[in-house]
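[1] I'll drop the sequence and a predicted model, then ask my questions.
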Amino acid sequence: MKKNYNYTRRKLYLPEYGRHIQEMVDSLQEIEDRTERTRQAKAVIAVMGNLNPLLRDTADFTHKLWDHLFIMSDFKLDVDSPYPQPSRQDLMVKPHQMPYPQTNITHKHYGKYVGRILKRLCEEQNPAAVESAVNNIARYMRTKCFEYNQEHPNNETIAKDIRNLSDYTINIDENALNNVRNDYKQYHSAYQQSGKNNKKQAKNNRNQQRTGQKNHQSKSTGHNNIMK
């Protein structure tokens, strides 16, 4: 008995449709009558659409099915298609190579947009808008510093990084950073303190349960000795 493995069969053009659909497409090319071949091709398109019923309402779904039909026929199927028949050259066009950014990020834990925003703020003429934006950026930088270093940065570090990222055009007072509310820091501190209290309370409960069990066992032993 000769075993028929998939690796011995010919390669499928679109494996997601399966080998049965590929055999249907191959059988279309054997039909000599063009009208009958077109009618059978529409039936194959209907079967292909049944494989993905949720995509029927999407735009150009039928157009994609006809393109897939021509691809599986190796662009040799001659039928009356409601859409222009694609060519091999159109589908084999390589996409344009996208330029890769070569800029170096000096502070990677802040990302590349923090420096860009600070440099754009140098062109702002409204001092109140600059101050508000810098305060928001300082709050964001504190959060990223804590996520990267697992410790809260001091105001001197934040002020120094703001000066470096803005090319020494924005100078912020370290004392002014004390008034910048850090939601992330306060939330983490409250969460951490709550977690410690819960662990301490659970430990106390376990100790009380163990003490109660020991006292109960000692009373039971004394009572048995008296009865003896």
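    That came through fine.
[2] Look up how far Arg56 lies from Asn50.
    Using CB to CB, to the nearest Å, one obtains 9 Å as the distance from Asn50 to Arg56. Every C-beta, even on glycine, is put in place using the N, C-alpha and C of the backbone.
[3] shared neighbours, the two?
    Taking CB atoms under 8 Å, 6 or more residues apart in numbering as the contact rule, Asn50 and Arg56 have no neighbour in common.
[4] Can you tell me the closest non-neighbouring residue to Thr169?
    Cys122 (4.5 Å; CB to CB, 6 or more residues apart in numbering).
[5] any idea which element the closest residue in space to Asp167 that isn't next to it in sequence lies in?
    Once flanking residues are discounted, Asp167 sits nearest to Lys119: 6.7 Å by CB to CB, 6+ apart. For Lys119, the element it lies in under DSSP states H and E is helix 113-121.
[6] next one: Arg19
    Secondary structure (DSSP H and E) places Arg19 in helix 18-28.
[7] list the contacts for Ile105?
    111-112, 115.
[8] So it, which state does it fall into?
    At Ile105 the chain is in coil, as set by DSSP: H, G, I helix; E, B strand; the rest coil.
[9] ok, it to Pro99 distance?
    In terms of CB to CB, Ile105 sits 17 Å off from Pro99.
[10] How about Gln125?
    Taking CB to CB, one finds Gln125 at 33 Å from Pro99.
[11] Who are the packing partners of the next helix or strand after the helix holding Lys119?
    Next helix or strand after helix 113-121 toward the C-terminus (DSSP H and E): helix 127-149. On a contact count with 3 or more CB pairs under 8 Å, 6 or more residues apart in numbering; DSSP states H and E, helix 127-149 meets helix 113-121, helix 155-165, helix 183-227.
[12] The residue nearest to Asp167 contacts Asn164, doesn't it?
    No - contact between Lys119 and Asn164 fails when scored by CB atoms under 8 Å: they sit 11.4 Å apart.
[13] for this protein, what are the low-confidence residue spans?
    Scanning the chain for pLDDT under 70 picks out 1, 180-200, 202-203, 206, 212-228.
[14] The residue nearest in space to the middle of the chain: what secondary structure?
    Nearest to the mean C-alpha position of the chain, by CA atoms, centre = their mean, lies Gly111 at 17.6 Å. Secondary structure, three-state DSSP: Gly111 is coil.
[15] domains for this protein, by residue range?
    7-91, 113-182 (automatic domain parsing).
[16] Dump those to JSON lines, plus mean neighbour count and distance to Asn204.
    Listed next are the domains of the chain as JSON lines, based on neighbours: other CB atoms under 10 Å; distance: least, CB to CB, whole Å:
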{"stretch": "domain 7-91", "mean neighbour count": "14", "distance to Asn204": "56"}
{"stretch": "domain 113-182", "mean neighbour count": "15", "distance to Asn204": "29"}
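[17] Now tabulate these in JSON lines and tack on distance to Asn205.
    Output for the domains of the chain, formatted as JSON lines (distance: least, CB to CB, whole Å):
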{"stretch": "domain 7-91", "distance to Asn205": "52"}
{"stretch": "domain 113-182", "distance to Asn205": "30"}
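[18] just so I know, which of those domains lies nearest Arg210?
    domain 113-182 (35.0 Å; CB to CB).
[19] for that closest one, the distance to its chain's centre please.
    Here the centre of domain 113-182 is set off from its chain's centre by 28 Å, with CA atoms, centre = their mean, to the nearest Å.
[20] can you check stretch 98-108 too?
    On CA atoms, centre = their mean, the centre of stretch 98-108 falls 21 Å from the chain's centre.
[21] swap in stretch 83-98?
    For stretch 83-98 - counting by CA atoms, centre = their mean - the centre lies 29 Å from the chain centre.
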